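In: Provide a 3D model corresponding to the input given below.
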Amino acid sequence: MKIILFILTFFMSSLFGQNIYLKNIEYPSNVYTNQIFKIKVKATIVVDDYDAIETNFFDSKNITLLNKDSKWKIINKNEFHNTFIYKANHEQFILPKLEMLLKDSDDNIKYAETVEPVNIAFNNIAVEDKLFSQIIAKQLTVVGQKTKQYSNNLLLTVLKINAYNSNLEDFKLNEYQQQGIDDFTVEDDLKSIYYYIIIPRDNKALRFKYYNYISKEFETIIVPIELSNDLISTQTDLNPKNSKLLFYQKVLISVLTIIFLALYFIYKRNITLVVIFLLICLFIILSLPNKTITVSKNTKIYILPLKNSTIFDTTNEDIEVEFLKSKNGFTKIILPNQKIGWIKQ
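Out: Coordinates of the predicted model:
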């Protein structure tokens, strides 16, 4: 039945004119390997007898759409905008065609329109440059580093890196064998990682490059190596219960609760009590402590989830610890003294 309605919709559109106009209005002229980029689409809808908008994508190749469920924003009565975020995985990539469907309350298609993909050139960069970290970004900064003795001849360095509009999840230093992402967060256009690297003891600095697509230049980052004795304590920010985002969420909920309390005393509407109850429930959920587990006596606690990682502590008795996450056969925990480490599962 839906197929018949879809065919009829196109037939009627051909007779009485187009009902949806789609246009790609903002996009880059060229992209690079694994670059994250955006395409802004404008939709002009000249009818109003529909209940829902559905967006579909098809005929793509070697491209990843990162926000398939992005909602259309109303600009005015007939104009809508949406920004779709892509990641180019390969030189031979093909952007998808975008299809907009307008549906009625019974999920039947009333109107449909498709926009062809734009042409965007692809460039490989820094193929032979061993200092290139694989990152293409608007801006990248190393906001912190800690280094600790790992073995007689090796050091363990942990970097905190922030990058805007980037593929930071692909970060890699070609010079080193043992490395990886310990924690990865995304807030809007900002990505952050804690990145660990095992380096020779005689290294005085870490050097790498990223490509700044705004200035269209490679920027070199130099991180001096400074030995520290408090590597573990610096990782407490990885506890999600200590994150700034969670703090701001709690503040926002508290402010909203006060506002709705004031509205209730002014207007005496029961609906405000329902909203207040939901806000209080949400605040309680966000305030719940991490799950606790029991760690047995003589359990070794490691700095990182690596087979040969440094042991920084061993339990003298059975203890209760907070559970954070599991990874690579290890469990990440918070000790009673608030230090963070890993134990083997």
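In: Run the chain-centre distance for the single longest helix found in the chain.
Out: Using DSSP state H to define each element, the chain has its longest helix at helix 244-267. Put simply, helix 244-267 sits 27 Å off its chain's centre (CA atoms, centre = their mean, to the nearest Å).
In: can you list contacts of that helix?
Out: Contacts of helix 244-267 with the rest of the structure, by CB atoms under 8 Å, 6 or more residues apart in numbering, involve 187, 240, 269, 272-273, 275-276, 279-280, 282-283, 286-287. Every residue, glycine included, has its C-beta placed from N, CA and C.
In: hmm, 7 Å instead?
Out: With contact meaning CB atoms under 7 Å, 6 or more residues apart in numbering, helix 244-267 is reached by 187, 240, 272-273, 275-276, 279-280, 282-283, 286.
In: try stretch 60-69
Out: Outside stretch 60-69, the residues that touch it by CB under 7 Å, 6+ apart are 57, 84-90, 92-96.
In: any idea which of those residues is the one closest to residue 339?
Out: residue 87 (36.2 Å; CB to CB).
In: and the strand or helix carrying that closest one, what does it pack onto?
Out: Using DSSP states H and E, residue 87 sits within strand 79-88. For strand 79-88, the contact count by 3 or more CB pairs under 7 Å, 6 or more residues apart in numbering; DSSP states H and E identifies strand 36-45, strand 63-65, strand 73-74 as packing neighbours.
In: need the helices for this protein, in chain order.
Out: Under DSSP H, the chain gives helices at 2-16, 244-267, 270-287.
In: Which one, of those, ends up nearest to residue 169?
Out: The nearest among these, by CB to CB, is helix 244-267 at 18.5 Å.
In: picking up where we left off before, sheet partners, orientation included, of the strand holding residue 87?
Out: strand 36-45 (antiparallel), strand 63-65 (antiparallel), strand 73-74 (antiparallel) (DSSP bridges).
In: neighbouring contacts of the last one?
Out: Translated: strand 73-74. Residues outside strand 73-74 that contact it (CB under 7 Å, 6+ apart): 80-82.
In: cool, and the first one?
Out: With CB under 7 Å, 6+ apart as the test, strand 36-45 has contacts from 19-28, 31, 72, 78-87, 98, 100, 102, 115, 118, 165-167.
In: Quick check on those: which are buried?
Out: Buried members of the contacts of strand 36-45, scored by 16 or more other CB atoms under 10 Å, are 19-20, 22, 24, 27, 31, 80, 82, 84-87, 98, 100, 102, 115, 165-167.
In: give me the beta-bridge partners of the residue lying closest to residue 28 once chain neighbours are set aside?
Out: Leaving aside its chain neighbours, residue 28 sits nearest to residue 37 (5.2 Å; criterion: CB to CB, 6 or more residues apart in numbering). Beta-bridge pairing for residue 37 (DSSP bridges): residue 86.
In: and residue 37, how many neighbours?
Out: Neighbour count for residue 37, taken as other CB atoms under 10 Å: 19.
In: Repeat that for residue 224.
Out: Number of residues near residue 224 (other CB under 10 Å) recorded here: 9.
In: about what we covered before: any chance of the contacts of stretch 60-69 in a markdown table with pLDDT and distance to residue 224 as columns?
Out: Converted to a markdown table, the contacts of stretch 60-69 look like this (pLDDT from 0 to 100; distance: CB to CB, whole Å):
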| residue | pLDDT | distance to residue 224 |
| --- | --- | --- |
| 57 | 95 | 46 |
| 84 | 96 | 40 |
| 85 | 94 | 35 |
| 86 | 94 | 36 |
| 87 | 92 | 32 |
| 88 | 87 | 34 |
| 89 | 82 | 35 |
| 90 | 83 | 37 |
| 92 | 85 | 41 |
| 93 | 89 | 39 |
| 94 | 91 | 44 |
| 95 | 94 | 42 |
| 96 | 94 | 45 |
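In: can I get the residues you listed in a markdown table with distance to residue 199?
Out: Formatted as a markdown table, those follow (distance: CB to CB, whole Å):
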| residue | distance to residue 199 |
| --- | --- |
| 57 | 43 |
| 84 | 39 |
| 85 | 34 |
| 86 | 34 |
| 87 | 29 |
| 88 | 31 |
| 89 | 30 |
| 90 | 31 |
| 92 | 36 |
| 93 | 35 |
| 94 | 40 |
| 95 | 40 |
| 96 | 42 |
